[in-house]
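Peer 1: Need coordinates for the following:
(one chain, ligands or ions: 1)
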Amino acid sequence: MKLKYEHLSLYSFVKCAPRVTEMNEKERRKKSKFLSLVLRHQPHTIGIELDEAGWVDVEVLLTALARHNKRMSRAKLEEVVRTNDKQRFSFNEDGTRIRANQGHSVGVELGYEPATPPEILFHGTPQQFVETIAEQGLRKMNRHHVHLHVDVETSTAVGQRRGKPVLLKVRALDMHQAGHEFLVTPNNVWLTDHVPAEFIGFP
Ligand code: HQG
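Peer 2: Sure thing, here's the model as predicted:
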């Protein structure tokens with residue numbers, strides 16, 4: 001009886017322990033970027049299709065990657081997902097499917113439940129867009145939603161990708177009370193359709 005128990009606990013330990021591969025940060029980032037490309041924007045570049053909720057079978061993905069000279073082991077895929085700085089990807093419960101948590105430009109319905117946002121959410125944008133945003137509000141541009149963050153650091157980093165970052169403060173709770181819908185992703189990115197200029201605080 002005792003033996004059986006020990007055997008079982010060793011099994012669960014081995015099964016749950018993350019497998020660490022020999023990848024360095026640069027390789028992880030490169031793989032994450034390519035995954036973002038195929039799981040958010042261009043699945044056809046490796047000949048895969050996402051289902052209506054953005055999922056693809058892990059085996060199908062790995063086979064397609066290998067066929068397109070981007071071979072990745074299951075262990076490396078798991079490591080990229082687990083260590084990703086913004087938790088951009090999720091496996092389904094039994095680990096047989098994978099999808100990007102947000103940021104798609106292809107038509108997917110992610111199925112997140114509407115949620116009540118905190119009072120303030122942030123959006124970082126480069127200086128050159130501020131004037132248009134003051135006129136039009138925040139638009140989703142090529143994505144399915146406007147992306148908002150709970151913290152200043154992430155938002156500033158987002159704005160910094162394209163120029164001198166400007167931090168906009170969105171009165172999210174007021175927007176919600178005025179009838180605007182918000183969704184929240186598992187990695188705590190808040191999504192909404194459009195932020196009218198009157199809810200934006202400019203520095
Ligand atoms: C701007 C990354 C002119 C908006 C990031 C942004 C984020 C306007 C750009 C996530 C505008 C769109 C999303 C208007 C919005 N006039 N410019 N009316 N309304 N803009 O990349 O929010 O690394 O589609 O400010 O970290 O920058 O991909 O959106 O500058 O979380 O996981 O138009 O993407 O995450 O750019 O970034 P994007 P974003 P990942």
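
Peer 1: by contact count, what packs against whichever helix or strand Ser155 is part of?
Peer 2: Using DSSP states H and E, Ser155 maps to helix 152-160. Applying 3 or more C-beta pairs under 8 Å, 6 or more residues apart in numbering; DSSP states H and E, we find helix 152-160 packed against strand 120-126, strand 165-171. (C-beta placed from N, C-alpha, C; glycine too.)

Peer 1: just for the chain, where's the confidence low?
Peer 2: Residue ranges of the chain with pLDDT under 70: 1-21.

Peer 1: let's see it at 90
Peer 2: Applying pLDDT under 90 to the chain flags residues 1-24, 85-86, 113, 186-187.

Peer 1: residue ranges of the strands in it, please?
Peer 2: 56-57, 89-91, 97-100, 120-126, 146-148, 165-171, 183-184, 190-192, 200-201 (DSSP state E).

Peer 1: now the fifth one: how far from the chain's centre is it?
Peer 2: This points to strand 146-148. 11 Å (C-alpha atoms, centre = their mean, to the nearest Å).

Peer 1: can you tell if stretch 133-148 touches the ligand?
Peer 2: Yes - remark: stretch 133-148 sits within contact range of the ligand at Ile133, Gln136, Leu138, Arg139, Met141, Asn142, Arg143, His147, by C-beta under 6 Å from any ligand atom.

Peer 1: now those as CSV including distance to Asp174 and neighbour count?
Peer 2: Shown next, in CSV, are these (distance: C-beta to C-beta, whole Å; neighbours: other C-beta atoms under 10 Å):
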residue, distance to Asp174, neighbour count
Ile133, 18, 18
Gln136, 19, 13
Leu138, 15, 22
Arg139, 19, 14
Met141, 23, 8
Asn142, 27, 8
Arg143, 23, 15
His147, 19, 21
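
Peer 1: out of those residues, which one sits closest to Trp55?
Peer 2: Arg143 (18.5 Å; C-beta to C-beta).

Peer 1: residues near Glu109, how many?
Peer 2: Each residue near Glu109 was counted by other C-beta atoms under 10 Å, and the total is 11.

Peer 1: Over to Ser73?
Peer 2: 13.

Peer 1: With Val80 instead?
Peer 2: Neighbourhood size, Val80 [other C-beta under 10 Å]: 22.

Peer 1: so who does it touch?
Peer 2: Met23, Arg28, Lys31, Ser32, Leu35, Met72, Phe89 (C-beta atoms under 8 Å, 6 or more residues apart in numbering).

Peer 1: how close does the spatially closest residue to it that is not a sequence neighbour sit to Asp85?
Peer 2: Among residues not flanking Val80 along the chain, Lys31 sits closest, at 4.9 Å (C-beta to C-beta, 6 or more residues apart in numbering). Using C-beta to C-beta, to the nearest Å, Lys31 is found at 13 Å from Asp85.

Peer 1: ditto for Val130
Peer 2: 26 Å.

Peer 1: What parts of the protein come near the ligand?
Peer 2: 86, 88, 103, 125-126, 129, 132-133, 136, 138-139, 141-143, 147, 158, 189.

Peer 1: quick one, domains of the chain?
Peer 2: Domain assignment for the chain by automatic domain parsing gives 10-100, 121-201.
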